[in-house]
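In: 3D, please:
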Amino acid sequence: MGADDLPRRNLVSALIALETNREREQAPELLAGLIGRLREMGDPELTRVFQEWVEQVLVPRGLRGTEMEPMPRLEEVRTMLQEMVAEWMAEGHERGLKEGIERGIERGIEQVRAEERRLLCRLAARKFTAETGPRLSALLERLSDPERLAEVGEWIIECETERELLDRVQEAIS
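Out: Numbers count the residues shown, from 1 in each chain. Alright, predicted model coming up:
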């Protein structure tokens, strides 16, 4: 049985729907439903009890600030929740944007490294034999340090034989 299976226009149903809600954007609307049920009932003691519940359970103290200010009336909580949801959404958007940028930078760097490796293999194949390229490529897959890749470029120029080059690269990996 889920929140959708609960009777409509019922105070307990409104409370359960609010407490089990996992969608932050729906919290203000669900709270408005609870407030509406309380208004219909016109019971100040029951409203006070629900207000305490909202203060202790629904709105964590960390989201209200560090001061222990008095809890606003239930009608004011809806506005407060709408503002908190907007802040949460903005924070989530900002966090997602930052993570996206970081991932993009990481992918860009890895693409540059892959291009460096391909270029080094082409140069080695031109200087030595066509088979040098694939052999060097297998070794370079384990190298990501840009300084080491630059050294491999220098070794392609300095080495007299394919074997000498591959041995130096193997030694750098070890």
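In: going forward, measure contacts and count neighbours with C-alpha atoms only.
Out: Will do.
In: hey, C-alpha coordinates of stretch 47-55 in PDB?
Out: What follows is stretch 47-55, C-alpha atoms only, in PDB (Å, rounded to 0.1, in the frame of the first residue of the first chain):
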ATOM      1  CA  THR A  47      -2.700  22.100  15.100                       C
ATOM      2  CA  ARG A  48      -0.100  22.700  17.900                       C
ATOM      3  CA  VAL A  49       0.800  19.000  18.000                       C
ATOM      4  CA  PHE A  50       1.300  19.000  14.300                       C
ATOM      5  CA  GLN A  51       3.300  22.200  14.500                       C
ATOM      6  CA  GLU A  52       5.600  20.400  17.000                       C
ATOM      7  CA  TRP A  53       5.900  17.400  14.700                       C
ATOM      8  CA  VAL A  54       6.900  19.700  11.800                       C
ATOM      9  CA  GLU A  55       9.500  21.400  14.000                       C
END
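In: buried residues in it?
Out: Neighbour counts using 16 or more other CA atoms under 10 Å place 47, 50-51, 54-55 of stretch 47-55 among the buried residues.
In: can you show me the helices along the protein?
Out: 11-20, 27-41, 44-53, 74-127, 132-140, 146-158, 162-173 (DSSP state H).
In: so which elements touch the shortest one?
Out: Packed against helix 132-140 by the contact rule (3 or more CA pairs under 8 Å, 6 or more residues apart in numbering; DSSP states H and E) you find helix 74-127, helix 162-173.
In: what's near enough to touch E94?
Out: If you count contacts by CA atoms under 8 Å, 6 or more residues apart in numbering, E94 has none.
In: how near is it to E25?
Out: E94 sits at a distance of 17 Å from E25 (criterion: CA to CA, to the nearest Å).
In: also E162?
Out: 64 Å.
In: so these two - more neighbours on which side?
Out: Remark: of E162 and E25, E162 carries more neighbours, 19 against 16, as counted by other CA atoms under 10 Å.
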